[in-house]
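Trainee: Have a look at this prediction, sequence included:
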Amino acid sequence: MGKKVIVIGGGIAGLSAGIYAQKCGFDVTILESHSIAGGNCTSWKRGDYLFEGGMHWLSGSNANEALHKLWRHVGALDDSVAIRYPEPFMEYDHAGTPVRLYRDVDATERHLRELSPADTDEIKWLCDNIRKVKNLALPVTDLRRVKATKKTRPPLSLLFSAVSGLRVISSFSKISRDQYISRFKHEGIRDLLSFCTTERSGVLTIFFSMGILARGDGGFPEGGSLPFANRMANTFSSLGGEILYNTRADRVIVEPSSRDSKKAVGVIAGERELTADAVIITADTMAIDYLFEAPLKSDWLDEMRAVTEPTMVTFISLGIATDLKKYGSCLIFKPKTPIKLADQTYEYLSFNNYAADPVYSPDGKSAITMQLPGDTYDFWKKAREENRYQEEKKEIADKVITALTAQIPEIRGQIEIVDVATPLTYERYCANWKGSWMTEMTPGMKMKTYPSVIKGLDGVYFAGHRMTPPGGLPVAPMSGRTAVQYLCRDEGLLFISED
């Protein structure tokens, strides 16, 4: 029996860490406060409908991606999992005229040029910049001085892609979002680009997001989040690991190991005291001080907490007794009256349409999810404190339904289920800081990976969606993998790499 490792958190990072550690010979137990695994990668059942709350497209879905090997190593993907690549990727209804973005950048260029010949030069520049960054894949690298069965090195081609990407960043870092969008003469193209970008992050996000799709990645595994996470949980269990559900970690037990260091020796969970040789914490790094007698101190943690701003969403999900397969997987429209929630105003609405995936709704029916991004945490928290929470949820749902019904009249009277999930929902079930599931990429914020260890605190390792901003699903398995590499290096053990 290998050394005992406790993983705090059964999300994608925690499951990945558990699987890698178990394969490397450790005896691993995962503590998960929820009744299911997956963390932010989640969905929920309401009546006959399944509502997606985590995955909208997946980096590493394409077999040519380095990240794909990680997903297969942890069991999230295998040959039985169908991946969908719906086209168009996104469609905006401009007064009855569709304005589309395709995964195929050539198709995007042809469509937009046909739509607006007067914007030919700007459209070409837009698509050329997508092409310049399309091969800039997230690298999978090994920790220095770790012994591994197979060393992972980024290909040389990635270096050239990085140079090209830096040139794009340099070109657009001096151009504001509004300045760029105003170059287009077609109102529908301007509207679509306005929806896809933000004033704070500028227009770079659209190049890099569309670049991922342009190289054939960013597909959607059939069934979405729940089966994805369940496959990982089953992989972990099949390796001999144990998941303790409905078990909240309350405190990491730390003892002095030398004059200048302390060492983790276990975890307190309720009335249980679990001994361990090491602890991997995958709970949100922004909110883990409760796990220690004194707040954690380190330069990288202080930096993370100083620069991190939360990305959060209010989800309005609808179960509709109408077949909406004729509509695309992501449709954007402009309601007659902007929707307001707290201090956020939404001039555009979008919905993800899961009618084509049989897992989400019965035949002839449709599950859709509307997203309202923005920092509404304090609004929802105050509403709950003042016993207005359910009332406010109904009010925003009614506004969205009114706007959607005006856009798609055939759903009138066909809505069977209404569900609203707020940042407080994610705080409750996933223990996320302010209910946020990613980090906002603000101008000037460094693209860096934080260390998985704190000097002077032995036997404690960190993983999760904060470890490499902006976070999201790709960061989760990589951070779990890195944490186990630190563990293997400290223990002098061989890290079992992907095949």
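Mentor: In hand now; what should we look at? Numbers count the residues shown, from 1 in each chain.

Trainee: Point out where the stretch 101-250 of the chain drops to low pLDDT.
Mentor: The model of the stretch 101-250 of the chain has no residue with pLDDT under 70.

Trainee: and I339, what is it in contact with?
Mentor: Contact partners of I339, counting by C-beta atoms under 8 Å, 6 or more residues apart in numbering, are 345-346, 349, 372, 396, 399-400, 403. Using the backbone N, CA and C atoms, a C-beta is placed for each residue, glycine as well.

Trainee: Filter those residues down to just the ones in helices.
Mentor: Among the contacts of I339, the ones falling in helices (DSSP state H) are 396, 399-400, 403.

Trainee: Which among these count as buried?
Mentor: Applying 16 or more other C-beta atoms under 10 Å to the ones in helices among the contacts of I339, the neighbour count classes 396, 399-400, 403 as buried.

Trainee: how about the helices of the chain, start to end?
Mentor: For the chain, the helices defined by DSSP H occupy 12-23, 66-73, 105-115, 120-133, 156-172, 177-181, 187-196, 204-214, 225-238, 299-307, 377-385, 389-407, 423-430, 475-491.

Trainee: A356: which of these is closest?
Mentor: Proximity to A356, assessed across the helices of the chain by C-beta to C-beta, is greatest for helix 225-238 (16.0 Å).

Trainee: In that closest one, which residues are buried?
Mentor: Taking 16+ other C-beta under 10 Å as the neighbour-count basis, helix 225-238 is seen to contain the buried residues 225-233, 235-237.

Trainee: Now Y348: closest residue in space, sequence neighbours ignored.
Mentor: Of all residues not flanking Y348 in the chain, F195 sits nearest, at 4.5 Å (C-beta to C-beta, 6 or more residues apart in numbering).

Trainee: go on, G39?
Mentor: G11 (2.2 Å).

Trainee: What distance do you get for the one you found to A37?
Mentor: If you measure G11 against A37 using C-beta to C-beta, to the nearest Å, the figure is 7 Å.

Trainee: More neighbours: those two, which one.
Mentor: Set side by side, G11 and A37 give different neighbour counts by other C-beta atoms under 10 Å, the larger being at G11 (32 against 26).

Trainee: residues contacting that one?
Mentor: G11 is in contact with 37-41, 229, 282, 430, 464, 476, counting by C-beta under 8 Å, 6+ apart.

Trainee: ok, back up a step: with respect to K448, which of the helices of the chain lies nearest?
Mentor: Nearest to K448 among the helices of the chain is helix 299-307; the distance by C-beta to C-beta comes to 9.0 Å.

Trainee: and the closest one, which residues are buried?
Mentor: Neighbour-count burial for helix 299-307, counted by 16+ other C-beta under 10 Å, picks out 300-301, 304.

Trainee: still on that earlier bit, who touches both of G11 and A37?
Mentor: Residues within reach of G11 and of A37 at once, by C-beta under 8 Å, 6+ apart, are A229.

Trainee: care to break the protein down by domain?
Mentor: In the domain annotation for the chain, the residue ranges read 4-44+58-81+222-308+441-491, 99-140+151-215, 313-435 (automatic domain parsing).

Trainee: Deepest-packed of those domains, please.
Mentor: Looking across the domains of the chain with neighbours counted as mean count of other C-beta atoms under 10 Å, the highest average goes to domain 4-44+58-81+222-308+441-491: a mean of 20.

Trainee: Compute the first-to-last residue distance for it.
Mentor: The stretch domain 4-44+58-81+222-308+441-491 measures 12 Å between its terminal residues, going by C-alpha to C-alpha, to the nearest Å.

Trainee: begin at 5 from here
Mentor: That works, and once the first residue is 5, the last one we named lands at domain 8-48+62-85+226-312+445-495.

Trainee: could the buried residues of helix 229-242 be laid out in JSON lines, adding distance to A152?
Mentor: Below are the buried residues of helix 229-242 laid out as JSON lines (distance: C-beta to C-beta, whole Å):
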{"residue": "S229", "distance to A152": "30"}
{"residue": "L230", "distance to A152": "32"}
{"residue": "P231", "distance to A152": "30"}
{"residue": "F232", "distance to A152": "26"}
{"residue": "A233", "distance to A152": "26"}
{"residue": "N234", "distance to A152": "28"}
{"residue": "R235", "distance to A152": "24"}
{"residue": "M236", "distance to A152": "21"}
{"residue": "A237", "distance to A152": "25"}
{"residue": "T239", "distance to A152": "20"}
{"residue": "F240", "distance to A152": "20"}
{"residue": "S241", "distance to A152": "25"}
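
Trainee: Of those residues, just say which sits nearest to S265.
Mentor: Relative to S265, the closest of the buried residues of helix 229-242 is F240; by C-beta to C-beta it sits at 30.4 Å.

Trainee: gap between the closest one and V256?
Mentor: With the distance defined as C-beta to C-beta, F240 ends up 21 Å from V256.

Trainee: And I185, by the same measure?
Mentor: Between I185 and V256 the computed distance is 48 Å (C-beta to C-beta).

Trainee: gap between E126 and L116?
Mentor: When distances are taken as C-beta to C-beta, E126 and L116 turn out to be 9 Å apart.

Trainee: Show the contacting residues for P481.
Mentor: Each residue near P481 by C-beta under 8 Å, 6+ apart is listed here: 16-17, 20, 71, 74-75, 78, 80.

Trainee: Skipping adjacent residues, who's closest to it in space?
Mentor: In space, not counting the residues next to it along the chain, P481 is nearest to S20; the distance is 4.1 Å by C-beta to C-beta, 6+ apart.

Trainee: Quick check: pLDDT value at the one you found.
Mentor: Model confidence at S20, given as pLDDT, is 98.

Trainee: swap in P447?
Mentor: At P447, the pLDDT recorded in the model is 65.

Trainee: Please work out which residues outside stretch 492-503 touch it.
Mentor: Under the contact criterion C-beta under 8 Å, 6+ apart, stretch 492-503 has outside partners 7, 24, 27-29, 73-74, 76-77, 146-147, 149-156, 282, 462, 488-489, 491.

Trainee: Repeat that for stretch 450-462.
Mentor: 258, 261, 264-268, 289, 300-302, 304-305, 307-308, 464-467, 470-473, 483, 486-487, 490, 494.

Trainee: again, only this time at 7 Å
Mentor: With C-beta atoms under 7 Å, 6 or more residues apart in numbering as the test, stretch 450-462 has contacts from 261, 264-267, 300, 302, 304-305, 308, 464-467, 471-473, 486-487, 490.

Trainee: Now do the contacts for N68.
Mentor: N68 touches nothing, counting by C-beta under 7 Å, 6+ apart.

Trainee: repeat for Y352
Mentor: Here Y352 is in contact with 199, 336, 338 (C-beta under 7 Å, 6+ apart).

Trainee: May I see the residues you listed organised as JSON lines, with distance to K330 added?
Mentor: As requested, those are arranged in JSON lines below (distance: C-beta to C-beta, whole Å):
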{"residue": "F199", "distance to K330": "22"}
{"residue": "I336", "distance to K330": "16"}
{"residue": "K338", "distance to K330": "20"}
